[in-house]
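Let me see the structure of the following:
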Amino acid sequence: MKEYSTFKLYSKELKRELRMYVSLPKSYYTTDKYYPVLYMCDGQNLFDDFQAKYGKSWGILEAYETNPDLPELIIVGIESNDDRSDELVPFKFKFEEDGKVWGGKTDNFLDFIVENLKPVINKRYRTFKSPKNTGIMGSSFGGVCSTYAALKYSEHFTRFGCVSNAYFPIQNEMVELSKKSDLSKIKKIYLDVGTKESDNVEHVKLYLDSNQEIYDILRPRLDSENIKFEIIEGAIHNESAWEKRFPDIIKFLFN
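Numbers count the residues shown, from 1 in each chain. As a prediction, this is how the structure comes out:
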């Protein structure tokens with residue numbers, strides 16, 4: 001089975017130390033090739049069930065074992081903690097349950113990747129350094145972060161995986177930003193939503209409607225081969241569901 005490595009990096013932008021989870025392509029140590037890089041949110045949930053918050057990872061290592069035709073990438077997972085709602089949601093919002101205000105630090109999170117993490121990765125590994133070979137991907141609030149990166153950071157990333165996107169707490173702000181952003185540098189953007197993202201029927205409708213609205217804004221402004229939107233019948237909001245979609249997403253983003 002493929003292995004992954006970890007290292008820690010202090011972020012002055014987020015004022016904390018973060019653990020990075022890095023997976024290298026199978027051919028990395030037997031060739032002198034260079035590789036695209038995909039940065040992923042919630043890095044602890046990507047490779048290892050024992051590290052994953054809910055005991056189940058995305059199974060990315062297994063995906064590469066069982067799908068030899070997947071594009072070879074360096075995948076860098078960025079650890080999240082209890083502040084993920086602050087760091088992955090770009091605008092302030094309140095959770096219904098406790099009324100606490102979250103969000104607004106996504107620029108700090110993305111600046112950390114661009115200014116601090118990317119130079120380290122590019123120095124340590126044989127990477128294609130250009131934005132055209134650099135992607136970012138996440139699920140739920142991580143999907144919101146990746147969408148925001150497509151709208152504001154496309155000079156640094158050009159391939160975006162936006163999975164089970166929880167846009168609806170900040171839908172108005174995301175709609176306005178989507179309408180006015182420059183999309184010309186986007187090479188590929190993938191968006192999806194499941195039909196059972198929540199046990200709450202009203203929340204399911206919010207997921208579906210909010211994702212459809214964002215896609216409807218972006219679609220006319222991009223070539224059809226560069227944007228993909230999937231409504232996944234029966235898919236729920238967890239790593240097992242995202243594991244099933246991962247191979248097709250990677251093929252779309254990097255083939």
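
Tell me how far residue 229 lies from residue 210.
Here the criterion is Cβ to Cβ, to the nearest Å. By it, residue 229 lies 12 Å from residue 210. For the C-beta atoms, the positions are set from N, CA and C on the backbone; glycine is no exception.

how about residue 86, what does it touch?
Neighbouring residues of residue 86 by Cβ atoms under 8 Å, 6 or more residues apart in numbering: 102, 103, 104, 105.

Keep only those of the residues you listed that are in helices.
Of these, none are assigned to helices by DSSP state H.

If we only consider these, which is nearest to residue 46?
Distance ranking of the contacts of residue 86 against residue 46, using Cβ to Cβ, places residue 105 first at 21.5 Å.

unless I'm mixing things up, that closest one is touching residue 16, no?
No. Under the criterion of Cβ atoms under 8 Å, residue 105 is not in contact with residue 16, lying 11.1 Å apart.

which one of those two has more residues nearby?
residue 105 (21 against 13; other Cβ atoms under 10 Å).

In a markdown table: the contacts of residue 86, plus distance to residue 254 and pLDDT.
Below are those laid out as a markdown table (distance: Cβ to Cβ, whole Å; pLDDT from 0 to 100):
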| residue | distance to residue 254 | pLDDT |
| --- | --- | --- |
| 102 | 32 | 92 |
| 103 | 30 | 94 |
| 104 | 31 | 96 |
| 105 | 28 | 97 |
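
Quick one: residues in contact with stretch 18-35.
So stretch 18-35 is contacted by 2-11, 43-44, 46-48, 51, 60-61, 64, 72-79, 112, 117, 121, 125-128 (Cβ under 8 Å, 6+ apart).

List buried residues within those.
Buried residues within the contacts of stretch 18-35, counting neighbours by 16 or more other Cβ atoms under 10 Å: 4, 11, 43-44, 46-48, 51, 60-61, 64, 73-79, 112, 117, 121, 127.

Return the subset of those lying in helices.
Those of the buried ones among the contacts of stretch 18-35 lying in helices (DSSP H): 60, 61, 64, 112, 121.

isn't the second one right up against residue 47?
It stands for residue 61. Yes. Between residue 61 and residue 47 a contact is recorded at 5.2 Å, counting by Cβ under 8 Å.

what residues do the two have in common as contacts?
The contact lists of residue 61 and residue 47 share 4, 23, where a contact means Cβ under 8 Å, 6+ apart.

Show me the shaky parts of the stretch 101-250 of the chain.
Under the criterion pLDDT under 70, no range of the stretch 101-250 of the chain is flagged.

ranges for the helices of it?
106-112, 118-124, 141-152, 171-180, 201-218, 239-254 (DSSP state H, counting those that start in this stretch).

Turn those into TSV, columns for distance to residue 20.
Output for those, formatted as TSV (distance: least, Cβ to Cβ, whole Å):
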stretch	distance to residue 20
helix 106-112	11
helix 118-124	8
helix 141-152	15
helix 171-180	27
helix 201-218	29
helix 239-254	19
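
do you know which of those helices lies nearest residue 96?
With Cβ to Cβ as the measure, helix 201-218 is the member of these nearest residue 96 (9.6 Å).
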